[in-house]
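here is a sequence together with a model predicted from it:
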Amino acid sequence: MKGSNIDFNRISQAINYSIEVLKGEESPSSSSALDQLINAQDELNQALSFSLSSNLK
């Protein structure tokens, strides 16, 4: 993926916004979606860490 530009901040903002919206809903499907978004947020943080460490090499 060398040479590609990923806007981690923009993706993070979108995930955070979606999480906040789903927290206001009380349905079984929103609970599942919320879990998936939290997992996506964790994966995004890992990708950002990997990207930053790769740039230091």
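Looks like it came in fine.

point out where the protein drops to low pLDDT.
Where the chain drops to pLDDT under 70, the residues are 1-4, 57.

what residues are up against Ser51?
For Ser51, the contacting residues are 6, 8, by C-beta atoms under 8 Å, 6 or more residues apart in numbering. C-beta coordinates here come from the backbone N, C-alpha and C atoms, glycine included.

how far away is it from Ile11?
12 Å (C-beta to C-beta, to the nearest Å).

kindly report the same for Glu25.
Computed as C-beta to C-beta, the Glu25 to Ile11 distance reads 22 Å.

which of the two has more neighbours?
The neighbour count for Glu25 versus Ile11, taken as other C-beta atoms under 10 Å, is higher for Ile11 (15 against 11).

and that one, what helix or strand is that in?
Here Ile11 sits within helix 8-23, counting by DSSP states H and E.

buried residues in that helix?
For helix 8-23, burial by neighbour count (16 or more other C-beta atoms under 10 Å) applies to 15, 18, 22.

closest one to Ala47 out of these, please.
Among those, Ile15 lies closest to Ala47 (C-beta to C-beta), at 12.1 Å.

list the contacts for the closest one?
By C-beta under 8 Å, 6+ apart, Ile15 lies in contact with 37, 40-41, 44.
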